[in-house]
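A.B. asks: Below: sequence and its predicted model.
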Amino acid sequence: MIYLDYNATTPIAPEVVRAMQPFLMAEFGNPSSDYLLGIRAKEAVAAARSQVAALLSCRPADIVFTSGATEANNTVLKGVARHFGKGRIITTAMEHPAVLAPCRYLETQGFETTILPVDSRGLVDPEEVRRALTPDTILISVMHSNNETGALQPISEIGNLARAAGVWFHTDAAQSVGKIPVAVGKLQVDFLTLAGHKIYAPKGVGALYVRPGCRFNPLLHGAGQESGRRAGTENVPYLVALGEACRLARERVVEDAPRLKSLRDLLHARLLAGFPGLVLNGPEEERLPNTLNVSFPGLYGSAILGGIPELAASLGAACHSGEETISPVLAAMGVTPEVARGAVRLSLGWPTTQAEVEQAADLLLSRVRVLK
């Protein structure tokens, strides 16, 4: 199988497996215990927190461990809303359901939401954000990069606007972390979300960056773990895994991004040469180096991929795969139904080789010729 769906999930890196193994067996202590097993577990959690913080260029104390990006996003949106009690949240039509669904829930609780449009490339205009700001705005939430098209939003510009207005700013960076350098200070964000399974760690673990001085009401109450911000006994093996994955990402991100971009562009060029009507969905430049979302107009993406069992790719976001409905992301970009139905997302990862890219292009073009 040729795996080109790294935006959906990644395999667990061998180094990550080795790092977490001791804590699945002999090192089973509870970090809250005062004896040696517990102390070693507590030290392991602290080390993992430092590794995550190093990747994001922040302090270890700014990191809150979660079960993943969905919990982190819900923690920010609901936690900030409950902290203020009332107000408006600004977000965009491109957001992941883990942001849009909590916003819809908060509307039932009396909060207001402004959903900003995007242009044909899937990018939000910072000027639209500025115009949407009102005295009752309590939070802005704009994803760093889109999971379907890879579009990179102008986060730093929006962050500057938010700081000037005194409004807290959150970004879901689950797709960006590990693919491009991400430094919270440069982005001017108050909250940032990441997911372990997007960076070669297991599913079910993630983290939330919280800038000092920012407050939220926790979703979970209990014994006060994570400095009172997220209760529950720490999942030590998975936190160790996340820390090791962040360490690897910090080492590899600078050198791997150009390689993945080169392979992605090679894949695009080969597909375009074999199918001149191919349409690129998303920006040509302002996107993740590993992501290629293209449409074969007049065809169905499901029919294309359904006839290539040896290729693992996506029709759009992983949670929408298998449906014939048009991707909400592509619809927000104004992509016509004929073009949107033929969309295929191809996302590369660390293990991807040139031979796999070339073979994937050949398989796709052969299938398209059969369908035509």
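C.D. replies: Thanks, I have it.
A.B. asks: The host helix or strand of residue 246: which residues count as buried?
C.D. replies: Taking DSSP states H and E as the criterion, residue 246 maps to helix 236-274. By neighbour count with 16 or more other CB atoms under 10 Å, helix 236-274 contains the buried residues 236-250, 252-253, 256-257, 259-261, 263-264, 267-268, 270-271. C-beta here means a position set from N, CA and C on the backbone, and glycine is covered the same way.
A.B. asks: Moving C-terminal from that helix, which element do we reach first?
C.D. replies: Next helix or strand after helix 236-274 toward the C-terminus (DSSP H and E): strand 279-280.
A.B. asks: Can you name every helix or strand that that next one contacts?
C.D. replies: Using 3 or more CB pairs under 8 Å, 6 or more residues apart in numbering; DSSP states H and E, the elements in contact with strand 279-280 are strand 291-295.
A.B. asks: ok, residues contacting whichever helix or strand comes after the strand it packs on?
C.D. replies: Next helix or strand after strand 291-295 toward the C-terminus (DSSP H and E): helix 301-306. For helix 301-306, the surrounding residues in contact (CB atoms under 8 Å, 6 or more residues apart in numbering) are 295-296, 311, 313, 315-316, 322, 324, 341-344, 364, 367-368, 371.
A.B. asks: So among those, where is pLDDT lowest?
C.D. replies: Within the contacts of helix 301-306, residue 322 has the lowest pLDDT, namely 49.
A.B. asks: so what are the domain limits for this structure?
C.D. replies: Following automatic domain parsing, the chain resolves into domains at 2-8+253-371, 14-249.
A.B. asks: Just say which of those is most tucked in.
C.D. replies: Most buried of the domains of the chain by mean neighbour count (mean count of other CB atoms under 10 Å) is domain 14-249; its value is a mean of 20.
A.B. asks: Looking at that domain now, give me its mean pLDDT.
C.D. replies: The average of the pLDDT scores along domain 14-249 is 98.
A.B. asks: Ends of that domain, what's the gap?
C.D. replies: 13 Å (CA to CA, to the nearest Å).
A.B. asks: circling back: counting by contacts, list what the helix holding residue 246 packs against.
C.D. replies: Judged by 3+ CB pairs under 8 Å, 6+ apart, helix 236-274 is in contact with helix 14-20, helix 36-56, strand 291-295, helix 354-371.
A.B. asks: In JSON lines: those, plus distance to residue 192.
C.D. replies: Shown next, in JSON lines, are these (distance: least, CB to CB, whole Å):
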{"stretch": "helix 14-20", "distance to residue 192": "21"}
{"stretch": "helix 36-56", "distance to residue 192": "7"}
{"stretch": "strand 291-295", "distance to residue 192": "19"}
{"stretch": "helix 354-371", "distance to residue 192": "31"}
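A.B. asks: Relative to residue 95, which of these is closest?
C.D. replies: Ranking the helices and strands packed on helix 236-274 by proximity to residue 95 (CB to CB) places strand 291-295 first, at 16.6 Å.
A.B. asks: That closest one: partners in the sheet, and parallel or antiparallel?
C.D. replies: The strands beside strand 291-295 in its sheet (DSSP bridges) come out as strand 279-280 (antiparallel), strand 343-347 (antiparallel).
A.B. asks: Residue 108 is nearest to which of these?
C.D. replies: Among the strands paired with strand 291-295, strand 343-347 comes nearest to residue 108, with 31.8 Å by CB to CB.
A.B. asks: what's next to that closest one, contact-wise?
C.D. replies: Residues from elsewhere that reach strand 343-347 (CB under 8 Å, 6+ apart): 4-8, 148-150, 264, 267, 281, 290-296, 301, 304-305, 313-316, 327, 330, 335, 360, 364.
A.B. asks: Please save the CA atoms from it in CSV.
C.D. replies: Output of strand 343-347 as CSV, limited to C-alpha atoms (Å, rounded to 0.1, in the frame of the first residue of the first chain):
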residue,chain,number,x,y,z
ALA,A,343,-11.5,16.4,-5.2
VAL,A,344,-8.7,14.1,-3.9
ARG,A,345,-6.4,15.0,-1.0
LEU,A,346,-2.9,13.6,-1.1
SER,A,347,-0.7,14.3,1.9
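A.B. asks: What residues does the most centrally placed residue in the chain make contact with?
C.D. replies: In the chain, the residue lying closest to the centroid (CA atoms, centre = their mean) is residue 174, at 2.2 Å. Going by CB under 8 Å, 6+ apart, residue 174 touches 69, 96, 147, 193-195, 198, 206.
A.B. asks: In these, find the pair that's most separated.
C.D. replies: 147 and 206 (14.4 Å).
A.B. asks: Apart from its chain neighbours, what residue comes closest to residue 10?
C.D. replies: Leaving aside its chain neighbours, residue 10 sits nearest to residue 200 (4.7 Å; criterion: CB to CB, 6 or more residues apart in numbering).
A.B. asks: thinking that neighbour is in contact with residue 248, fair?
C.D. replies: Yes: judged on CB atoms under 8 Å, residue 200 makes contact with residue 248 at a distance of 6.7 Å.
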